[in-house]
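1. Okay, sequence plus prediction incoming.
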Amino acid sequence: MTTSKILVIAVFAALAGCQSTDSARAYDTRATGKVNQAVAARILSVRPVTTVANPDGMTAGLLAGAAIGSQSRGNTKARVAAGLAGAAIGALAGAGIDAAASDAEPQLEYVLQTDTRALITLVQGALPAFAVDDKVLVLYGPRARIIADPRP
């Protein structure tokens, strides 16, 4: 197996594992031991929102498929045709992975007012759900989130 085929397989494996969750309870393994700044806030409004897939998976799939297809045997025309077919198949696969990830869980948009009177918004998964006037902590870090304020 050529190096380019191994690389392409690794890209598809990484894409398949990209189904992330936007829940406030889910942390990336790299977050262990990291410090986040927390700011106290109050929920002003909550509304359900729809997330839309971004084109990253489709682009990666297109490039990976084109690379695999262009490695086929035959003359230049055959390799170009295989590269185009691979690009199309890869783009469809990548777009499908992105779409599945975007539909994975319901999302809520929160409008918050911090204790310093700043207004901010944040979209995260529906669990845990917060209501208007709930006191929360906004955690700033690699991925912002809100959690219940444990202080009385």
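-> Received, thanks. Just so it is clear, the structure is predicted and the values come from calculations on it, not from any experiment. Numbering: from 1, shown residues only.

2. Could you point out the longest strand of this structure?
-> Counting by DSSP state E, the longest strand found in the chain is strand 37-49.

3. buried ones in that strand?
-> Within strand 37-49, the residues that qualify as buried are 39, 41, 43, 46, counting by 16 or more other Cβ atoms under 10 Å. All C-beta atoms are positioned from the backbone trio N, CA, C, and that covers glycine.

4. which element follows the longest helix that the chain contains toward the C-terminus?
-> Assignment by DSSP state H gives helix 76-102 as the longest helix of the chain. Scanning forward in sequence from helix 76-102 by DSSP states H and E, the next helix or strand is strand 107-114.

5. can I get the buried residues of strand 37-49 in a markdown table with pLDDT?
-> Shown next, in a markdown table, are the buried residues of strand 37-49 (pLDDT from 0 to 100):
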| residue | pLDDT |
| --- | --- |
| Val39 | 95 |
| Ala41 | 97 |
| Ile43 | 97 |
| Val46 | 96 |
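
6. other SSEs contacting the longest helix of the chain?
-> helix 3-16, helix 56-70 (3 or more Cβ pairs under 8 Å, 6 or more residues apart in numbering; DSSP states H and E).

7. quick revisit: how much does the longest strand of the chain deviate in direction from strand 107-114?
-> 140 degrees (axes from the mean of the first three to the mean of the last three Cα atoms, to 10 degrees).

8. Could you list the residues in contact with strand 37-49?
-> By Cβ atoms under 8 Å, 6 or more residues apart in numbering, the residues outside strand 37-49 that reach it are 106-116, 119-120, 123, 126, 129-141, 146, 149, 151.

9. Can you give me every residue that contacts Ala66?
-> Taking Cβ under 8 Å, 6+ apart, one finds 83-84, 86-87, 90 in contact with Ala66.

10. next one: Val136
-> 40-43, 112, 130, 146-149.

11. still on that earlier bit, if you rank the contacts of Ala66 by neighbours, which is first?
-> Gly90 (27 neighbours; other Cβ atoms under 10 Å).

12. Next, format the contacts of Ala66 as TSV and append pLDDT and distance to Leu62.
-> Formatted as TSV, the contacts of Ala66 follow (pLDDT from 0 to 100; distance: Cβ to Cβ, whole Å):
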residue	pLDDT	distance to Leu62
Gly83	78	11
Leu84	81	10
Gly86	79	9
Ala87	80	5
Gly90	79	5
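
13. Many thanks, I have nothing further to ask.
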